[in-house]
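Visitor: Structure here, sequence nowhere to be found:
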């Protein structure tokens, strides 16, 4: 139970000061964002990857079953928008 509380605390600190703060991050969102972060580890700075993954998660429908990494391939406009928002170059 402490790990779950810590995960939500971490999620809250990750979204502080971003537009994502307006929407609550669920445990399912956290799972997808963490998978996206792992999928992109080392590609650029951790902060940029986190912003990118959170942006992509926000653009996806709540009923989406594909991972962020799978979904981004079929949605190049969303990917480009999140690249720009996160500062990924």
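Guide: Everything's here; your move. From a predicted model like this one, the values you see are computed outputs, not experimental measurements.
Visitor: those helices in the protein, which residues are they?
Guide: 2-15, 27-40, 46-59, 68-74, 76-86 (DSSP state H).
Visitor: I'd like the ones you listed laid out as CSV, including mean neighbour count and mean pLDDT.
Guide: C-beta coordinates here come from the backbone N, C-alpha and C atoms, glycine included. Putting the helices of the chain into CSV (neighbours: other C-beta atoms under 10 Å; pLDDT from 0 to 100) gives the following:
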stretch, mean neighbour count, mean pLDDT
helix 2-15, 12, 48
helix 27-40, 16, 95
helix 46-59, 20, 96
helix 68-74, 16, 94
helix 76-86, 15, 97
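Visitor: Do I have it right that residue 75 meets residue 61?
Guide: No - using C-beta atoms under 8 Å, residue 75 is not in contact with residue 61; the gap is 10.7 Å.
Visitor: neighbour count winner among the two?
Guide: residue 75 (16 against 7; other C-beta atoms under 10 Å).
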